[in-house]
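**Student:** Provided below are the primary sequence and the corresponding predicted coordinates.
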Amino acid sequence: MLLRYCCLFVCFLTCALSHLSAQKQLSYGRHPGRNGPLTEEELRLARIAWKYFERNYQDTTGLVNAVDMYPSTTMWDIAGYMAALVSVREMGIIDVATFNYRIEKMFQTFMRLSFFRDELPNKCYNTITGEKVNYANQPMEIGFSAIDLARFLIWCKIIKERYPEHSDRIDDFILRWKFQNVIDSTGMLFGASIDEKNDNKTQYLQEGRLGYEEYAAKGFQLWGFNTDLAARPEPYDTRIIYGIEIPYDARDPRVLGAHNYVVSESYVLDGIEMNWDKGTDRESDDMHSTDTQIAEFAQRIYKVQEERYKRTGIFTARTEHQLDSDPYFVYDAIFTDGYPWNTITEDGRYVPQFAAVALKGAFGLWVLWETPYTDALFKYIKNAYDPEKGFYEGIFERKGNEPIRTFTMNNNGIILETLLYKMQGKLVRFSGRESKWDRVLRERKEPPGSFIYERQRKPTQTTSNR
Amino acid sequence: MKPSVLRIILRYRYGRSARKRKSCCRATSRALHHSVQGTPPIATTLALCILLLCTISCGVAVRAVDEGAEKIGAAFQEGRRGRLTEEETMWAKVAWKYFENNYNPQSGLVNIKDGYQLVTMESVADYIIALMSARELDIISKHEFDSRLSLVFGFLNTMQLAFGELPNVNYNAVSMRPTDFANNEGVIGWAINHIGRLLVVLRLLRNRYPQYGEYADRVVLRWTFCNALDRHGNLYSAVNVNGKPERYLDAKHGWKEYTARGFKAWGFRADSSAVLDPVDIIRIFDVDLYIDGRDERETGSNNAISTVPYMYMALEFGWENIPYLAIDPRYYNQMQAVYEVQKRRHEREDIFTARATHEVNTEPYTVYDAIFSNGYKWTTISASGVYYPFLSAVSTKAAFGMWAIWKTEYTDMLMLITSLLFDPARGWYEGRQEKTGDVVRTITCSTNSAVLEALHFKKTGRLYVKANEENDLYNIYLRNNFDIIRRCFPVKPR
């Protein structure tokens, strides 16, 4: 009996110690927004968010479902899982061994991952079998998304710089990628899809609109690519909302089909992962952002949402989110397709009834801006969870306090990384160590056709927007 | 009034106003405070006066702060004035050709579009404007003017009204029967903008030619306004639902205030429609424009900003906010801004711009070619909101209006590409296509009337003239108010 207690005590002590040391380790000084170790309550919330990942873990592949109990995922969501893993490790919610096991398991799956037409990871994978699938989870290849891959690249970079023991594993996987069609010599990003009207040939279309495009560019920048055109916030225009000039992408959605939604998520992720720094910036301290334009835009994105709350009393943290019923997914934007506070479906239908406070957006605003508004916002959303399943996707604007009863990896992953940001500031940290990737490139031993750096300067095929 | 109350008002005002107003306000406040404590009443009055002045000026400052960066002031524009040159007389004659070609002798009406035998209240109003302008530019004789106008009065005073209340949207130009959108007989309802335009034009006509006033009055006195205007002054259009009018708020900024002015010109209380409210601001090339704050996805009718209502307002009423026809003073800023933003588009992007709703020969026939509409600037959409980027055009109508109202280098240049867009035998074309430079080969009553109106303006200045309206037929009816009170006229005490 005594022995048991002793054991428990020792266990507890080690836990507490590792917890403390984890919180102490990696302190980089002050950063914008909220600073300091997590409170009891915040830690409790982190554990709830982590519940999602435990519940949806698939041991066959080491992957996690992107939506609760639906065995499919995307590269964007996998990055969310990596964010969650790093966060809970740093918070001491899981131990190092578990972390290592999960990373290894996942990268084992990656090493045998079948790519879209042998170029790059497909848009979707089945989390049980590891096969490439379409959105309906049927085995099939459908294309790749430059933005999803970019977020994945950011998190690979974060993990490899923080934990050198996983560096080679990650580099081996990325060295399998062929970059020649995802990025061109001007530094513009392209997604791929299958053109059914044209003999099922692959078509490459420019991808990314203001906010996401710059965020994605940084993912490629971190790995040394030239992303000139994508990193530039051009072309943009502004719309005045509550006296604040909100920037939006000037490429016309009516002509090009891609919506120019302005949402919190892209700016929040850029803020917590990159500190609104340039992808090439490895020095500046956290109180200064070197990507000044994006940093300025992010301020306005926050300000206008606060202003809406002040003027209308509606809690606002807009970002695209999932729904538990048809149409399942909406762009719930600050501005898109001509209208402020617009909520539209993928095909552009106006569905104001699905406007919501998105939890990942709210957590992001809360951690990056320490203001009375975000205090109130945090109070409003902090109980929107199911203790077994994780955080709800959001709280509807027009239906009382009814939550969106959907649980997603992206939402819970971003919530965890925002909490990590509070502890540590900018999540991308550089060790200065030469990795396998750097060595391979220096010795020019990259796999044939991988289109890295110098090859990027070659003129590429003509491209169209749609 | 208690000084403390005044000070609260003052503080509230001054709290939001520009800094340099501070001292002025504070000083007055202090003066007031002193004066109340035992100074003679004259001093109090004086202080009150200063205070009042100060409050007003503070109020102005508040508005300036609220409205954003660069302010486009509503400067008085003299515009182009003087006798017509030979070329300009030729322009007017070409425009009149349209009214000769499209005249229907059976009814005395003029087609809305070249060869299309249909009229709306708007096109009838345009025709009356064309008649007045042609007369004053000496293109037609007194006799022709009289004989044509008589037939128009004849029609307006006998036409079948929709639901017995107000003119239908469409009438057949030959049979004079109410028709639907395909010009088949049938009642579809009324359009409040058209009625407002006719009310304006009848007022202009009545004041310019008082001898015909009586007949113009009778046109209006036939109508019933109960469903068109509520007691707050909101204006409604109506559609036919099973033989009954179903009314809906239709007019948006631009036309709404113009329409309200039409109603005010006939004594109606349309104040709430004469105010730019609800309003939103859109900034294009650092020019702030007011757009209607109501979401067209929920209200149906679009919020297109084009040159036309502002241009009519300037040509017809000038830049003076005539007291009994008063509208929101911000409307005058908007008039100037509408010009300014189009000029800046040419300066900064080298695209000639004079935007107006215009007609085309193919689907969708009528395009709203706007400075801003449905979320987008420089957009061109159909009535149902479909985007037609290739139908953008420099509108002849808007170009002539701008040329007459703003005597500037830009409007001179605009005329270089517009002044030859006519067929000498048929009249003026709708405009020139923005994307191709080709001509929009549609010919309409509205554009040809606007050309005449702009030239008329050059010769005589604004079309509205003041007149003593006290003892005209209309006001006698309003005072007798026997029957018309049931039809919601603004009756007057005897």
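**Tutor:** Received, thanks.
**Student:** show me where the stretch 301-450 of chain B has its strands.
**Tutor:** Using DSSP state E, counting those that start in this stretch, the strands assigned to the stretch 301-450 of chain B run over residues B:358-359, B:366-373, B:376-381, B:393-395, B:422-423, B:427-428, B:431-433, B:439-440.
**Student:** tell me the helices and strands packed up against the fifth one.
**Tutor:** Applying 3 or more Cβ pairs under 8 Å, 6 or more residues apart in numbering or on different chains; DSSP states H and E, one finds that strand B:422-423 makes contact with helix B:86-101. The C-beta positions use only the backbone N, C-alpha and C, and glycine is treated the same way.
**Student:** can you tell me how far the residue in chain B that chain A sits nearest to is from residue A:337?
**Tutor:** Here the residue of chain B nearest chain A is residue B:375; by Cβ to the nearest Cβ that distance is 1.8 Å. Residue B:375 is 6 Å from residue A:337, where distance means Cβ to Cβ, to the nearest Å.
**Student:** low-confidence regions, the chain specifically.
**Tutor:** No chain in the question, so chain A it is. For chain A, residues meeting the criterion pLDDT under 70 lie at A:1-28, A:449, A:453-466.
**Student:** actually, chain B is the one I wanted.
**Tutor:** Those would be B:1-74, B:494, if you go by pLDDT under 70 across chain B.
**Student:** tell me the domain boundaries of it?
**Tutor:** B:3-66, B:86-487 (automatic domain parsing).
**Student:** can you tell me the residue of chain A closest to chain B?
**Tutor:** residue A:338 (1.8 Å).
**Student:** ok, and the closest non-adjacent residue to that residue?
**Tutor:** Nearest residue to residue A:338, sequence neighbours excluded (Cβ to Cβ, 6 or more residues apart in numbering or on different chains): residue B:375, at 1.8 Å.
**Student:** doesn't residue A:341 make contact with that neighbour?
**Tutor:** No - at 11.9 Å, residue B:375 does not count as touching residue A:341 under the criterion of Cβ atoms under 8 Å.
**Student:** ok so residue B:75 is a strand residue?
**Tutor:** No - Residue B:75 is assigned coil when assessed by DSSP: H, G, I helix; E, B strand; the rest coil, not a strand.
**Student:** circling back: more neighbours, residue B:375 and residue A:337?
**Tutor:** It is residue B:375, of residue B:375 and residue A:337, that has more neighbours when counted by other Cβ atoms under 10 Å in any protein chain shown, with 23 against 20.
**Student:** from residue A:253, how far out is that one?
**Tutor:** Residue B:375 is 10 Å from residue A:253, by Cβ to Cβ.
**Student:** joint contacts of those two?
**Tutor:** Shared contacts of residue B:375 and residue A:253, defined by Cβ atoms under 8 Å, 6 or more residues apart in numbering or on different chains, are found at residue A:337.
**Student:** surely residue B:400 touches residue B:454?
**Tutor:** Yes - applying Cβ under 8 Å, one finds residue B:400 in contact with residue B:454, separated by 4.1 Å.
**Student:** higher neighbour count, these two?
**Tutor:** residue B:400 (30 against 26).
**Student:** tell me the buried residues in stretch A:63-78?
**Tutor:** Residues of stretch A:63-78 classed as buried by neighbour count (16 or more other Cβ atoms under 10 Å in any protein chain shown): A:63-68, A:71-78.
**Student:** what sits closest to residue B:281 if chain neighbours are left out?
**Tutor:** Excluding the flanking residues, the one nearest residue B:281 by Cβ to Cβ, 6+ apart is residue B:288, at 5.2 Å.
**Student:** now the one you found: how far from residue A:88?
**Tutor:** Residue B:288 is 50 Å from residue A:88, by Cβ to Cβ.
**Student:** of those two, which one has the most company?
**Tutor:** Using other Cβ under 10 Å, the more surrounded residue of residue B:288 and residue A:88 is residue A:88, with 25 against 20.
**Student:** can I assume that one sits in a strand?
**Tutor:** No - assigned with three-state DSSP, residue A:88 falls outside any strand and is helix.
**Student:** correct me, but it touches residue A:415?
**Tutor:** No - using Cβ under 8 Å, residue A:88 is not in contact with residue A:415, being 11.4 Å away.
**Student:** ok, back up a step: how many residues are close by the residue of chain A closest to chain B?
**Tutor:** For residue A:338, using other Cβ under 10 Å, the count is 20.
**Student:** for the stretch 101-250 of chain A, just list every one of the strands.
**Tutor:** Assigned by DSSP E, counting those that start in this stretch, the strands in the stretch 101-250 of chain A fall at A:115-116, A:120-121, A:124-126, A:132-133, A:143-144, A:190-195, A:201-206, A:236-241, A:244-249.
**Student:** just checking, residue A:369 touches residue A:264?
**Tutor:** No - using Cβ under 8 Å, residue A:369 is not in contact with residue A:264; the gap is 10.8 Å.
**Student:** redo the strands of the stretch 101-250 of chain A as TSV? Include mean neighbour count and distance to residue B:161.
**Tutor:** Formatted as TSV, the strands of the stretch 101-250 of chain A follow (neighbours: other Cβ atoms under 10 Å in any protein chain shown; distance: least, Cβ to Cβ, whole Å):
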stretch	mean neighbour count	distance to residue B:161
strand A:115-116	17	67
strand A:120-121	24	69
strand A:124-126	24	63
strand A:132-133	21	65
strand A:143-144	24	61
strand A:190-195	19	58
strand A:201-206	18	56
strand A:236-241	18	44
strand A:244-249	20	48
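**Student:** wait, residue A:368 sits on residue A:270?
**Tutor:** No - Residue A:368 is beyond contact range of residue A:270, at 10.0 Å (criterion: Cβ under 8 Å).
**Student:** tell me the residues that contact both of these two, please.
**Tutor:** residue A:298.
**Student:** can you pull out the strands in the stretch 101-250 of chain B?
**Tutor:** So, for the stretch 101-250 of chain B - with DSSP E, counting those that start in this stretch - the strands run B:103-104, B:109-110, B:118-120, B:161-162, B:166-167, B:170-172, B:178-179, B:189-190, B:236-241, B:244-249.
**Student:** please save the CA atoms from the last one in CSV.
**Tutor:** So that's strand B:244-249. Once non-C-alpha atoms are left out, strand B:244-249 reads as follows in CSV (Å, rounded to 0.1, in the frame of the first residue of the first chain):
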residue,chain,number,x,y,z
LYS,B,244,-54.0,43.5,-55.4
PRO,B,245,-51.0,45.7,-55.0
GLU,B,246,-48.3,44.3,-52.8
ARG,B,247,-46.0,47.1,-51.9
TYR,B,248,-42.3,46.9,-51.1
LEU,B,249,-39.5,49.4,-50.4
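**Student:** mind listing what residue A:203 touches?
**Tutor:** Contacts of residue A:203 by Cβ under 8 Å, 6+ apart are A:192-195.
**Student:** on that earlier part again, looking at the strands of the stretch 101-250 of chain B, which is buried most?
**Tutor:** strand B:109-110 (a mean of 26; mean count of other Cβ atoms under 10 Å in any protein chain shown).
**Student:** from the chain's centroid, how far away is that one?
**Tutor:** 22 Å (Cα atoms, centre = their mean, to the nearest Å).
**Student:** could you say what helices and strands that strand packs with?
**Tutor:** strand B:103-104, helix B:121-136, helix B:142-156.
**Student:** direction included, what does it pair against?
**Tutor:** Sheet pairing for strand B:109-110, assigned by DSSP bridges, gives strand B:103-104 (antiparallel).
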